[in-house]
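> sequence first, then the predicted structure, then my questions.
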Amino acid sequence: MAEEQNLRDLKERMKLISDADPAQYHNDFSLRRYLKAFKTVDSAFQAILKTNKWRVEYGVAVLHENKELIEKYSNKARVLRHRDLVGRPIVYIPAKNHSTTDRNIDDLTKFIVYCLEEASKKCFEEVVDNLCIVFDLNNFTLSCMDYQVLKNLIWLLSRHYPERLGVCLIINAPVFFSGCWAVIKGWLDENTSGKVTFVNSEMDLCQYLIPDMLPTDM
């Protein structure tokens, strides 16, 4: 199959960098995600090189040591202890706790990367290697709407965490959010927008996860 041949070819290219720096190694699951997202061996390899460079320059491996940052933004998002019904780690985001006037975009982006890293570490890749992101729009107001943060999240997912998003659930959305969504959807490719689901009832939510696992202390 072409898919398996592409994987073999990409693994051969990866030897060039993994032999020089073992820390740069991506396992087969990661390589498959890059191939799926970037289509060709050459494009996937170039994307991996860019991700490896970004991870070093951004200090991704040590973000968990920045306790001050994690504490500062701890009410913005949380990687839950529980998983969704197919085993995905869950990143829960209560949008009501966000305000465009009370955030440093660079620090908040680092916190987003920290959350993506922590969630990715929880993946049982042999079973499911993608994430469930839940945006809870309960008590959401327009002052909570931060387009730049969402652009950064979309960029991170597409460039450095390709195919990590399994499903994005938007719960408790107010009617006026449809206008916001029209803008956001324009930034997403068809594959990604197809992973976004608006959940309109607790019964619908039960198709994805157990509602009682969502935090009430944020």
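In hand now; what should we look at?
> domain map for the chain?
Using automatic domain parsing, the domain ranges for the chain come out as 2-58, 65-213.
> residues near residue 7, how many?
Applying other Cβ atoms under 10 Å, we find 17 residues neighbouring residue 7. No exception for glycine: its C-beta is placed from N, CA and C like everyone else's.
> same question, the one 10 residues further on
Each residue near residue 17 was counted by other Cβ under 10 Å, and the total is 17.
> which helix or strand contains it?
helix 2-18 (DSSP states H and E).
> so what does that helix touch, helix or strand wise?
Contacts defined by 3 or more Cβ pairs under 8 Å, 6 or more residues apart in numbering; DSSP states H and E place helix 2-18 against helix 28-38, helix 41-58.
> and the angle for the shortest one with helix 2-18?
Angle of helix 28-38 versus helix 2-18, following axes from the mean of the first three to the mean of the last three Cα atoms, to 10 degrees, is 110 degrees.
> quick check: angle from helix 28-38 to helix 41-58?
110 degrees.
> hmm, who's touching helix 28-38?
Applying Cβ atoms under 8 Å, 6 or more residues apart in numbering, the contact partners of helix 28-38 are 3, 6-7, 10-11, 14, 26, 41, 44, 46-48, 125-126, 129, 158, 162-164.
> isn't residue 207 right next to residue 84, touching?
No: using Cβ atoms under 8 Å as the test, residue 207 is too far from residue 84 to be in contact (9.8 Å).
> these two: which has the busier surroundings?
The residue with more neighbours, out of residue 207 and residue 84, is residue 84; 21 against 11, by other Cβ under 10 Å.
> what about the chain, any weak spots by pLDDT?
Scanning the chain for pLDDT under 70 picks out 18-25.
> strands along that one, start to end?
For the chain, the strands defined by DSSP state E occupy 78-83, 89-94, 131-136, 165-171, 196-199.
> nearest to residue 213, out of those?
Ranking these by proximity to residue 213 (Cβ to Cβ) places strand 78-83 first, at 4.2 Å.
> buried ones in the closest one?
Using 16 or more other Cβ atoms under 10 Å as the test for burial, strand 78-83 gives 78, 79, 80, 83.
> just grab the bridge partners of the closest residue in space to the first one that isn't next to it in sequence for me.
Sequence neighbours aside, residue 92 is the residue nearest to residue 78 in space, at 5.1 Å (criterion: Cβ to Cβ, 6 or more residues apart in numbering). Residue 92 has these beta-bridge partners by DSSP bridges: residue 78, residue 134.
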